[in-house]
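Visitor: Next come a sequence and a model predicted from it.
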Amino acid sequence: MNNAKNLLLLFVLVILSIGCRVQDSSQEKAQQEPQVITVKKLQQHDSQTAYQRIQFAGRIATKAEKKECLSVGGKISNVGMRKAEVCIQRYPDAGKVCQDNSDCMGRCLAESRVPSQKPATGRCQVEDSLFGCRQSIENGIAQALLCID
């Protein structure tokens, strides 16, 4: 009986370790080529204003990362339970009336609490922070409130 338990435990550990090692080639390449600043172009809308999200490599931003953030009009903020430094930027379409996330560079958010699954309009997210409580509007329907810390 003990051997059966040990074999089962070993099998589970092997499966988990294999699953953790599976990566696509883009992840492997990113790990092989460390960068100080990662810039990701998310979308380009009718306004022809390109938005680039600045992401810091570590929990504390380097001087170069802070400089890059400030150069695009961002601000450095400590967020989440770990108080990690992030670059918070304003979206070019902030405050625009919307009915779906596809209408915005960020998310389409309810201006005030709306009952979930009820028709609603929103406004495009002001800043690119992922933290806080938000209620998305998708296809003109209010979604459940989501809080991230």
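Guide: Yep, it's here.
Visitor: Just name the shakiest helix or strand of this structure by mean pLDDT.
Guide: strand 37-44 (a mean of 38; mean pLDDT, DSSP states H and E).
Visitor: Quickly list what Val86 is bridged to.
Guide: With DSSP bridges as the criterion, Val86 is bridged to Ser77.
Visitor: so who does it touch?
Guide: Under the criterion of CB atoms under 8 Å, 6 or more residues apart in numbering, the contact list for Val86 reads 55-56, 76-79, 129. No exception for glycine: its C-beta is placed from N, CA and C like everyone else's.
Visitor: cool, Lys75 as well?
Guide: 69, 87-89.
Visitor: try 7 Å
Guide: Residues in contact with Lys75, defined by CB atoms under 7 Å, 6 or more residues apart in numbering, are Ile88.
Visitor: hmm, back to that, of the contacts of Val86, select the buried ones using a PyMOL command.
Guide: Filtering the contacts of Val86 down to the buried ones (16 or more other CB atoms under 10 Å) takes a single PyMOL command:
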select buried, resi 56+79+129
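Visitor: which one of the contacts of Val86 is nearest Cys108?
Guide: Nearest to Cys108 among these: Ser129, at 15.8 Å, using CB to CB.
Visitor: That closest one against Ile88, yeah?
Guide: Yes: the pair Ser129 / Ile88 is scored as a contact, 5.1 Å apart, by CB atoms under 7 Å.
Visitor: Output the below-cut-off pLDDT ranges for the protein.
Guide: For the chain, the stretches with pLDDT under 70 are 1-49.
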